[in-house]
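In: what's the 3D shape of this:
(one chain, ligands or ions: 3)
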Amino acid sequence: MSNNILEIKNLSKIYSVKKKWGQSNFFYAVQDLNLAMGKGSCLGLVGESGCGKSTVARMMVGLLAPSKGEVFIDDELVFSASLPSKKAYPEKIQMVFQDPFSSLNPRICIGRSIAEPLLLSDKSLSRKHIKEKAISALVEVGLEPSHYTRFPHEFSGGQRQRVALARALITRPQIVVCDEPVSALDASVQAQALNLMRDIQKKLGISYVFISHDLHVVAYMSDEIAIMYCGQIVEKASKEIIFSKPAHPYTKALMDAAPSLNQHHREFVSLQGEPPSPFNPPKGCPFHPRCPYVQKRCMEEIPQEKEIEQGHTLVCHFPLLK
Ligand SMILES: Nc1ncnc2c1ncn2[C@@H]1O[C@H](COP(=O)(O)OP(=O)(O)OP(=O)(O)O)[C@@H](O)[C@H]1O
Ligand code: SF4
Ligand SMILES: [Mg+2]
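Out: Ligands and ions are numbered 1, 2, ... in the order given. Next up, the predicted model:
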């Protein structure tokens, strides 16, 4: 038995995009990704748009089949390229999306939407029991029992995100994967939502995978942070290490580009250049065309993951060591 609630091994996703004349182009959205998360903790996943964060998230919860590799929850293999596909394990892992409106059926009342994962995970439950559970899930996220019969359009953005959280929690999963859960909310509502998520984590002892563009949000929520670039994890360490002594040039660039705490810009504004086309990745280190520390070796040899201190891994030939 390990202390990890989640382990991902060599996970890859190949997408195909149709070209003219019926031909297809293939590319790796996620490539040989390894990741582990301790029980009861929050792992932040950070990286520029298009680096593959949502693709990993969707493979973790079984919404997307991996092209290669495996996902283990509590040491049990749940998803892999070779396992017969099982749609979901709502009692183990659930997901909260950026836009709760698109994940809630506008014609179904909130209470029934919240109850849906429970119905899928245990078909023997009585209707009365399911309704009671849905009501207590509503209350758990700070909503009212009377909201049960209302419809999604009757709620504000912040309330809808609470509904999405209630829906994720109703099956009492061990892990909730949150993909940009507060990005669409105003700053004041964001803070309330994050506090609620932290309180719930403390109360239930669940683990979060928390994806966000906003480093301040990730810093607030996470114990550990994994930095993703071009479908791979390039650095992973505790939040303290990532913020105080990033060793990968990409992580450092993200930190340098992050606005100060009292501003509310989201993007990594000062990072130079664009990520490479996934159809034509550069030879050697994928970050080399943008890296201020690039050397000849970086252009020829793909760096392998190494652990430079306990719990601090990175993929770079020339780590920045303080
Ligand atoms: N169904 C699909 N078919 C083909 N390509 C896809 C598909 N879904 C995503 N992609 C591509 O895969 C890459 C990774 O996408 P993904 O949505 O995982 O990125 P992301 O890191 O979540 O980005 P963002 O921060 O913008 O949400 C992108 O190049 C994207 O355009
Ligand atoms: S391997 Fe080289 S190019 Fe890649 S991040 Fe490290 S120093 Fe930069
Ligand atoms: Mg995404």
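
In: For residue 237, give me phi and psi.
Out: In terms of degrees, to the nearest 10, the main-chain angles of residue 237 are phi -160, psi 180.

In: Excluding chain neighbours, what is closest to it?
Out: residue 312 (4.0 Å; C-beta to C-beta, 6 or more residues apart in numbering). Glycine gets a C-beta too; all of them are placed from N, C-alpha and C.

In: And residue 94, by the same measure?
Out: residue 168 (3.9 Å).

In: How many residues are close by that neighbour?
Out: 28 (other C-beta atoms under 10 Å).

In: Residue 158 too?
Out: 19.

In: do residue 32 as well
Out: 15.

In: Equivalent analysis for residue 162, please.
Out: 25.

In: and what of residue 257?
Out: Neighbour number of residue 257 under other C-beta under 10 Å is 15.

In: got a pLDDT number for it?
Out: For residue 257, the pLDDT comes out at 79.

In: Could you report the distance from it to residue 74?
Out: According to C-beta to C-beta, to the nearest Å, residue 257 stands 37 Å off from residue 74.

In: ditto for residue 288
Out: Taking C-beta to C-beta, one finds residue 288 at 38 Å from residue 74.

In: and the two? which has more neighbours close in?
Out: A direct count of neighbours by other C-beta under 10 Å for residue 288 and residue 74 places residue 288 higher, at 21 against 15.

In: What is the biggest helix by length in the chain packed up against?
Out: The residue-count maximum for a helix in the chain (DSSP state H) belongs to helix 187-204. Applying 3 or more C-beta pairs under 8 Å, 6 or more residues apart in numbering; DSSP states H and E, one finds that helix 187-204 makes contact with helix 157-169, strand 207-211, helix 215-221.

In: Please state the mean pLDDT value computed over that helix.
Out: On average, helix 187-204 scores 95.

In: Run the chain-centre distance for it.
Out: 17 Å (C-alpha atoms, centre = their mean, to the nearest Å).

In: Using CSV, write out every CA atom in that helix.
Out: This file holds the C-alpha atoms of helix 187-204, laid out as CSV (Å, rounded to 0.1, in the frame of the first residue of the first chain):
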residue,chain,number,x,y,z
ALA,A,187,-12.9,37.9,-7.5
SER,A,188,-15.1,38.2,-4.4
VAL,A,189,-17.2,35.2,-5.3
GLN,A,190,-13.9,33.3,-6.2
ALA,A,191,-12.6,33.8,-2.6
GLN,A,192,-15.9,32.4,-1.1
ALA,A,193,-15.8,29.4,-3.5
LEU,A,194,-12.2,28.6,-2.7
ASN,A,195,-12.8,28.9,1.1
LEU,A,196,-15.8,26.6,0.8
MET,A,197,-13.7,24.0,-1.1
ARG,A,198,-11.0,24.1,1.5
ASP,A,199,-13.5,23.8,4.4
ILE,A,200,-15.0,20.8,2.6
GLN,A,201,-11.6,19.2,2.1
LYS,A,202,-10.8,19.5,5.8
LYS,A,203,-14.2,18.1,6.8
LEU,A,204,-14.3,15.2,4.4
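
In: No further queries at this time; thank you.
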